[in-house]
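Asks: next come a sequence and a model predicted from it.
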There are 2 protein chains.
Amino acid sequence: MKIVIIGGGGMVGQKLAHKLAISGKLGNREIAELTLADAFSVPALSTTASFPITSVVADITNPTIAHSLISGKPDVIFHLAAVVSGEAEANFEKGYSVNVEGIKNILEAIRLTGNGYKPRLVFTSSVAVYGGPYSGVINDDFHLQPRTSYGTQKAISELLLNDYSRRGFVDAVSLRLPTICIRPGKPNKAASGFFSNILREPLVGIEAILPASLSATNFFASPRSAVGFLVHAANLDTSALGDNRAMAMPGVWGTVGDEIDALRRVAGDKIVALIKHEPDPVIEKMLSNWNFPDITSARAKSLGFTAESTIDEIIQVHIDDELDAKIPGLNT
Amino acid sequence: MKIVIIGGGGMVGQKLAHKLAISGKLGNREIAELTLADAFSVPALSTTASFPITSVVADITNPTIAHSLISGKPDVIFHLAAVVSGEAEANFEKGYSVNVEGIKNILEAIRLTGNGYKPRLVFTSSVAVYGGPYSGVINDDFHLQPRTSYGTQKAISELLLNDYSRRGFVDAVSLRLPTICIRPGKPNKAASGFFSNILREPLVGIEAILPASLSATNFFASPRSAVGFLVHAANLDTSALGDNRAMAMPGVWGTVGDEIDALRRVAGDKIVALIKHEPDPVIEKMLSNWNFPDITSARAKSLGFTAESTIDEIIQVHIDDELDAKIPGLNT
């Protein structure tokens, strides 16, 4: 089978490619070919694979280029490419161009291929589609009322994927990803970045700024879980989904205070002391819009999607996957 | 003030123009100029007005033409233009082109005008944004899960209008219109057309085909109410709306059987006998997707939007507004 990862140069895309390279299979199917597409040059994977891995620089806002990504008729397309939340808010045109026109171009390229071509498309949506106001928990028929351009663009994409699937042009699954935590590497422009920073930096002995209050809430899953969601969605029997191809992935609800408590349990007071509280009014205002209650993710769980159940586990996954099972900050 | 009606040649657009021409005002504001834009040549209004009325043939799927509609900086834009439900389902590309790209072009033309230009934009959405499955009544935070391309396109438009409003580019209000009934004139391509046909045709002594079962449900308001919604929305204090600019308009829930009972009460058995039941499997399949429960429209009602409260009233409005307060079918 042939696989394309659009956004294959991003953090989740790279981890997904790595996992596919190691396993050689997606579900029971042997992988024949993997293409990693991104807006920038994708670094070579550190893993060798039993199948060819091609990298391509591709601007999906250009319909012709979007079409070229589909011309090999991949069996599975992972669409992870996105302008992230902070950037989509700062750069209105770029956000709509990549996050709406980009996926529309991919969908049109698929539709216009015709001849029965109907690939599985796994799309990373976001819990940012829920914008409040909230009353009670978020269940699977909670109304979408995004309060950011990013959330709006994800909600529009979900609607398009539902309609293109209903019409038989594509076989899509939209995964509303929790905030990915602990995000490895450098901070990106996601407004939610600090939820990772305050855990990641102290673990390696570096001070981290907490720009929000201890009561700020979020809904988390690890990068390892995110990759697991994607692989599971690629193999899912979509006949159970009906016309609604979107669902919230499981995760762990918690406050910043919960994160810090978990960090203390896993890594101790010395590590926690590296978190410096410096409130930022812009971040606090943005958070007031997605200070959300727990998400049940009942549909996803019933379909076999799994994630961590505590923030402690999420921190431990980071230590295991990114820090060679050690806490370097303890030795600084 | 300057007003543009995009879709000014359609049934509701014409009735709205007629009402504006007669009153000379929108709320307390004198109308200085009215432009009726449509994809086809708009017939001249039968009413004379105290202000100039211009008609223009405009294809809003062309960004330059969309821009030209906004170049005079109208204070209020009514965006009624749409490819209707049956046609949007039959012609996938045309539906997205007009119903999504068209309104996106208008929004971009407004945004790019800049210099503080922020017109009121009143958009006709539809109860087709609710696609089920349903449990209980539809309240104002019912999730949007359209089951038609038309409903998808309306839901996407609502999301765009919310985001453009939140960002301060436009001051939009999206009205989820009930099925307009009794739609005067000839049937259009809306799949819901028969809900009007079975009342309208018998009232003038013509047989009408009922292609669905007596238990088929819908949610109705008269053309007169639709025009009332539009005028009320144009004058609404939108500060009460927050970031959610969309709401279901009030209407009357009922079955085809309820329609026929009302017709019997208003016009008698002779008129009802002109309805011929000839089930159409295509229509019945489509209806199974929007066989919806009652819509509370609580938010709209609290903001002063009003409609009929019985189907009898809806039929009487048609008799008064379209048939000169007579029932011609009684004399045939």
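Replies: That came through, no problem.

Asks: please make it C-alpha for all contacts and neighbour counts, starting now.
Replies: Will do.

Asks: gap between the two ends of stretch A:299-308?
Replies: End-to-end distance for stretch A:299-308, by C-alpha to C-alpha, to the nearest Å: 17 Å.

Asks: all strands in the stretch 1-150 of chain A, in order from the N-terminus.
Replies: Secondary structure of the stretch 1-150 of chain A, counting by DSSP state E, counting those that start in this stretch: strands at A:2-6, A:25-26, A:29-30, A:33-38, A:53-57, A:76-79, A:120-126.

Asks: make TSV out of those strands and add mean neighbour count.
Replies: Putting these into TSV (neighbours: other C-alpha atoms under 10 Å in any protein chain shown) gives the following:
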stretch	mean neighbour count
strand A:2-6	25
strand A:25-26	18
strand A:29-30	12
strand A:33-38	23
strand A:53-57	17
strand A:76-79	24
strand A:120-126	25
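
Asks: columns mean pLDDT and distance to chain B on top of those, output as CSV?
Replies: Below are those laid out as CSV (pLDDT from 0 to 100; distance: least, C-alpha to the nearest C-alpha, whole Å):
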stretch, mean pLDDT, distance to chain B
strand A:2-6, 98, 23
strand A:25-26, 97, 30
strand A:29-30, 97, 32
strand A:33-38, 97, 26
strand A:53-57, 96, 27
strand A:76-79, 98, 20
strand A:120-126, 98, 15
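
Asks: which residue, other than its chain neighbours, is closest to residue A:9?
Replies: residue A:42 (4.8 Å; C-alpha to C-alpha, 6 or more residues apart in numbering or on different chains).

Asks: how many residues are close by that neighbour?
Replies: 18 (other C-alpha atoms under 10 Å in any protein chain shown).

Asks: residues of the stretch 1-150 of chain A that sit close to chain B?
Replies: Residues of the stretch 1-150 of chain A lying near chain B by C-alpha under 8 Å from any C-alpha of the partner chain: A:141, A:142, A:143, A:144, A:145, A:147, A:148, A:149.

Asks: adding neighbour count and distance to residue B:295, write those residues out as JSON lines.
Replies: Output for those, formatted as JSON lines (neighbours: other C-alpha atoms under 10 Å in any protein chain shown; distance: C-alpha to C-alpha, whole Å):
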{"residue": "A:141", "neighbour count": "16", "distance to residue B:295": "16"}
{"residue": "A:142", "neighbour count": "18", "distance to residue B:295": "17"}
{"residue": "A:143", "neighbour count": "20", "distance to residue B:295": "15"}
{"residue": "A:144", "neighbour count": "21", "distance to residue B:295": "18"}
{"residue": "A:145", "neighbour count": "24", "distance to residue B:295": "19"}
{"residue": "A:147", "neighbour count": "23", "distance to residue B:295": "25"}
{"residue": "A:148", "neighbour count": "24", "distance to residue B:295": "28"}
{"residue": "A:149", "neighbour count": "30", "distance to residue B:295": "28"}
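
Asks: tell me the phi and psi of residue A:145?
Replies: phi -150, psi 70 (degrees, to the nearest 10).

Asks: ok, how many other residues are close to residue A:204?
Replies: Around residue A:204 there are 19 residues (other C-alpha under 10 Å).

Asks: need the contact list for the closest residue to it other than its chain neighbours.
Replies: In space, not counting the residues next to it along the chain, residue A:204 is nearest to residue A:329; the distance is 4.1 Å by C-alpha to C-alpha, 6+ apart. Applying C-alpha atoms under 8 Å, 6 or more residues apart in numbering or on different chains, we find residue A:329 in contact with A:202, A:203, A:204, A:205, A:206, A:271.

Asks: can you tell me the element the nearest residue to residue A:272 once chain neighbours are set aside falls in?
Replies: Nearest residue to residue A:272, sequence neighbours excluded (C-alpha to C-alpha, 6+ apart): residue A:264, at 6.0 Å. Per DSSP states H and E: residue A:264 is located in helix A:256-267.

Asks: how close does residue A:97 get to chain B?
Replies: In this view, residue A:97 and chain B are 12 Å apart by C-alpha to the nearest C-alpha, to the nearest Å.

Asks: that should have said residue A:115, apologies.
Replies: From residue A:115 to chain B the distance is 17 Å (C-alpha to the nearest C-alpha).

Asks: how about residue A:143, what does it touch?
Replies: A:130, B:141, B:142, B:143, B:144.

Asks: phi and psi next, for the fourth one.
Replies: Pointing back at residue B:143 there. Backbone torsions of residue B:143, given as degrees, to the nearest 10, read phi -70, psi 150.

Asks: gap between it and residue B:67?
Replies: Counting by C-alpha to C-alpha, the gap from residue B:143 to residue B:67 is 33 Å.

Asks: all the helices of the stretch 51-200 of chain A, residue numbers only.
Replies: Ranges of helices in the stretch 51-200 of chain A, per DSSP state H, counting those that start in this stretch, are A:63-70, A:85-90, A:92-96, A:103-113, A:149-166, A:194-203.

Asks: pLDDT score for the residue in the stretch 1-150 of chain A that chain B sits nearest to?
Replies: Nearest to chain B, among the residues of the stretch 1-150 of chain A, is residue A:143, at 3.9 Å (C-alpha to the nearest C-alpha). Predicted confidence (pLDDT) for residue A:143: 88.

Asks: now residue A:117
Replies: At residue A:117, pLDDT is 98.

Asks: what's the neighbour count on it?
Replies: There are 17 residues near residue A:117, going by other C-alpha under 10 Å.

Asks: OK, contacts around residue A:124?
Replies: A:79, A:80, A:174, A:175, A:176, A:177.

Asks: how about it, nearest residue that isn't a chain neighbour?
Replies: That would be residue A:175: by C-alpha to C-alpha, 6+ apart, it lies 5.1 Å from residue A:124.

Asks: which residues does the one you found contact?
Replies: A:122, A:123, A:124, A:125, A:126, A:229, A:230, A:246, A:247, A:248, A:249.

Asks: any idea how far the third one is from residue A:84?
Replies: Between residue A:124 and residue A:84 the distance is 12 Å, computed by C-alpha to C-alpha.
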